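# just coords:
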């Protein structure tokens with residue numbers, strides 16, 4: 001069945017964010033129908049809880065249905081990218097293409113318990129300590145090394161609207177240690193998948209390069225920047241999204 005290329009673009013933010021994170025990008029995409037969702041435990045959905053990836057996927061399917069979105073492109077950043085990837089791996093009929101920004105495909109089974117333990121430590125801190133103190137340490141993690149002191153301060157201020165218990169619940173439910181390894185799916189899928197990494201985000205850029213070497217069916221694009229590219233370079237990221245949305249059908253299914 002022929003589907004118009006101008007299908008809606010659905011955007012999923014990362015942990016601690018909300019749909020408003022995408023607004024500068026959306027503002028640079030006039031004429032494209034965009035839906036920036038608030039993940040469970042975030043934004044307007046702070047009271048909402050999910051128990052794991054299956055419930056998160058059911059939530060996403062419900063959101064799409066409620067909005068009347070039956071054919072769509074899906075883009076996600078970090079946690080939002082992992083949820084988007086999990087959703088795509090279930091072969092939803094209406095999904096036309098997938099774009100992932102600094103996302104993790106999943107850990108080997110042997111590495112998952114340590115990651116669950118690591119995330120549990122953060123979850124307990126989010127539950128029991130002042131949010132500002134936890135965020136100050138959160139943004140000192142190596143993955144955010146591209147942020148200077150002013151950048152960390154801006155991010156901390158933006159994230160103070162979160163509720164610690166809600167963040168903790170989502171962190172536990174969607175720990176990387178509970179995510180299946182979806183690299184095999186990426187190697188076999190015919191769905192068009194674009195994977196964007198920041199050259200200064202060494203961990204996630206290396207992961208993306210490894211996926212290419214493993215023969216995964218992804219179009220890997222590199223931007224100059226760190227982990228949160230759409231926040232640091234919204235106009236550049238929007239230009240890339242526009243090119244992605246306007247790709248001819250024949251290029252999508254090579």
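That came through, no problem. In this text the structure is predicted, and so the values were computed from the model without any measurement.
# rest of the way, CA atoms for contacts and neighbours
Will do.
# am I right that residue 75 sits in a strand?
Yes. Under DSSP: H, G, I helix; E, B strand; the rest coil, residue 75 sits within a strand.
# for it, list each beta-bridge partner.
Beta-bridge pairing for residue 75 (DSSP bridges): residue 11, residue 99.
# is it true that it touches residue 83?
No. Residue 75 is beyond contact range of residue 83, at 9.9 Å (criterion: CA atoms under 8 Å).
# where do the helices sit along this protein?
23-27, 53-66, 79-89, 112-128, 131-138, 149-159, 164-173, 183-188, 202-213, 229-232, 234-245, 249-252 (DSSP state H).
# mind putting these into JSON lines with distance to residue 17, mean pLDDT and mean neighbour count?
Shown next, in JSON lines, are the helices of the chain (distance: least, CA to CA, whole Å; pLDDT from 0 to 100; neighbours: other CA atoms under 10 Å):
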{"stretch": "helix 23-27", "distance to residue 17": "12", "mean pLDDT": "96", "mean neighbour count": "18"}
{"stretch": "helix 53-66", "distance to residue 17": "16", "mean pLDDT": "98", "mean neighbour count": "15"}
{"stretch": "helix 79-89", "distance to residue 17": "10", "mean pLDDT": "98", "mean neighbour count": "23"}
{"stretch": "helix 112-128", "distance to residue 17": "15", "mean pLDDT": "98", "mean neighbour count": "16"}
{"stretch": "helix 131-138", "distance to residue 17": "12", "mean pLDDT": "95", "mean neighbour count": "16"}
{"stretch": "helix 149-159", "distance to residue 17": "7", "mean pLDDT": "90", "mean neighbour count": "15"}
{"stretch": "helix 164-173", "distance to residue 17": "10", "mean pLDDT": "98", "mean neighbour count": "22"}
{"stretch": "helix 183-188", "distance to residue 17": "26", "mean pLDDT": "95", "mean neighbour count": "16"}
{"stretch": "helix 202-213", "distance to residue 17": "19", "mean pLDDT": "93", "mean neighbour count": "17"}
{"stretch": "helix 229-232", "distance to residue 17": "11", "mean pLDDT": "90", "mean neighbour count": "17"}
{"stretch": "helix 234-245", "distance to residue 17": "15", "mean pLDDT": "93", "mean neighbour count": "16"}
{"stretch": "helix 249-252", "distance to residue 17": "30", "mean pLDDT": "46", "mean neighbour count": "10"}
